[in-house]
Each structure stands twice: as structure tokens, then as C-alpha cells.
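Visitor: Attaching a predicted model along with its sequence, questions to come.
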Amino acid sequence: MTDTLQDDGFGDFTPRRSSIGLTALIDVVFILLMFFMLTSSFVRWHAVDLAVPAAAAAATPVDAPPPLQLVLDADGGLTTTDGAARLGNYRTLRPGALNNFADGRAVVLRPRHEATLETIVGASEALLQAGGHDVALGPLAAPIATP
């Protein structure tokens, strides 16, 4: 704050302090609040049901066929554990793509060590939408052998 001199009408100058106007400050804060409210994004979170293989094995009958085990690569590629079939990237799976392939068996997803959590959850959702029954998360797949 600065001091200013004001003439009191008798030739004397008395110091007068100027004050900060709060009206402009409140307007600026309100405008900033509106800006951040309008530019922020709201993410809709939803849960994904994942079954634990040990719990799923206890609930399945003894004569049930063995589950279909799929290996998830870091890039999102899905392959059977024996390498016989490659399903491609989980992002390209269409609804009902596993109906004939899984034959009603449970699906166990075994991610590689390099796979991110986003890839694992995305692949689980895609397998459920593609017709996979009882999609569960299995142990990490063996690393790829390099020559």
C-alpha cells in the first residue's frame, strides 16, 4: 500500500492510505474457479470382476474341461500357452469371437512380466465381451527365450 497526500481544503496536506479493492480480487477468483470447473474432465470409473484361479478351481466340478489359458504380451497380443493359436491384439477382438474357440471353458489370462496393468484390465474386459466365460487372472507367463 502506498501513502498519498490529500489536500484537506485548508492548504494542509494529510497522508491518506490507499486500500486494496477486494471486489476485483473476488471477480478474478470467481473467473478462475469457473475456468477450472469447465475445463476439468470427469472420468467414469467402473469395476471389473476378476476371479482368482484357486477359488474358481474349488467351485468347478471335477469333470469340467481344463480352462483355456491365454498369454498376454506387453503389446496386447493374445496367444495360447502352447503357441498353437494366436488371437491377435485384444483391442481387435469382436463380441462373440471366443464362442467357438473356448467351447464354454473358463479362460485364464496369464500376462507376461512386461504387461502393464492397463493392458491386463483391458484384455480381461475384451475377453468377457468376446464371449469368454469365467475370465480369471493366472500366474505370470514364462519369459520369452532369446537366442
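Guide: Yes, it's here.
Visitor: hey, let's count contacts and neighbours off CA atoms from now on
Guide: Will do.
Visitor: Tell me the pLDDT of Asp27.
Guide: In this model, Asp27 is scored at 90, pLDDT.
Visitor: Can you tell me the element it falls in?
Guide: helix 22-39 (DSSP states H and E).
Visitor: where along the chain do the helices fall?
Guide: Ranges of helices within the chain are 22-39, 53-59, 99-102, 117-129, based on DSSP state H.
Visitor: Comparing those, which stretch has the densest surroundings?
Guide: Mean neighbour count (mean count of other Cα atoms under 10 Å) peaks for helix 117-129 among these, with a mean of 18.
Visitor: hmm, who's touching it?
Guide: The contact list for helix 117-129 (Cα atoms under 8 Å, 6 or more residues apart in numbering) reads 48, 72, 74-76, 90-91, 93-96, 98, 109, 111, 135-136.
Visitor: hmm, 6 Å instead?
Guide: Defining contact as Cα atoms under 6 Å, 6 or more residues apart in numbering, one finds that helix 117-129 is touched by Tyr90, Pro95.
Visitor: what about that helix, average pLDDT?
Guide: Mean per-residue pLDDT for helix 117-129: 86.
Visitor: Just the CA coordinates for it, please, in CSV.
Guide: C-alpha atoms of helix 117-129 as CSV (Å, rounded to 0.1, in the frame of the first residue of the first chain):
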residue,chain,number,x,y,z
LEU,A,117,-2.0,-53.1,-15.5
GLU,A,118,-3.9,-51.1,-18.2
THR,A,119,-3.2,-53.9,-20.7
ILE,A,120,-4.3,-56.6,-18.3
VAL,A,121,-7.6,-55.0,-17.4
GLY,A,122,-8.3,-54.1,-21.0
ALA,A,123,-7.7,-57.6,-22.1
SER,A,124,-9.9,-59.0,-19.3
GLU,A,125,-12.8,-56.8,-20.4
ALA,A,126,-12.2,-57.6,-24.1
LEU,A,127,-12.3,-61.4,-23.3
LEU,A,128,-15.5,-61.0,-21.4
GLN,A,129,-17.1,-59.1,-24.2
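Visitor: show me where pLDDT drops low in the chain?
Guide: 1-16, 43-62, 64, 99-102, 143-147 (pLDDT under 70).
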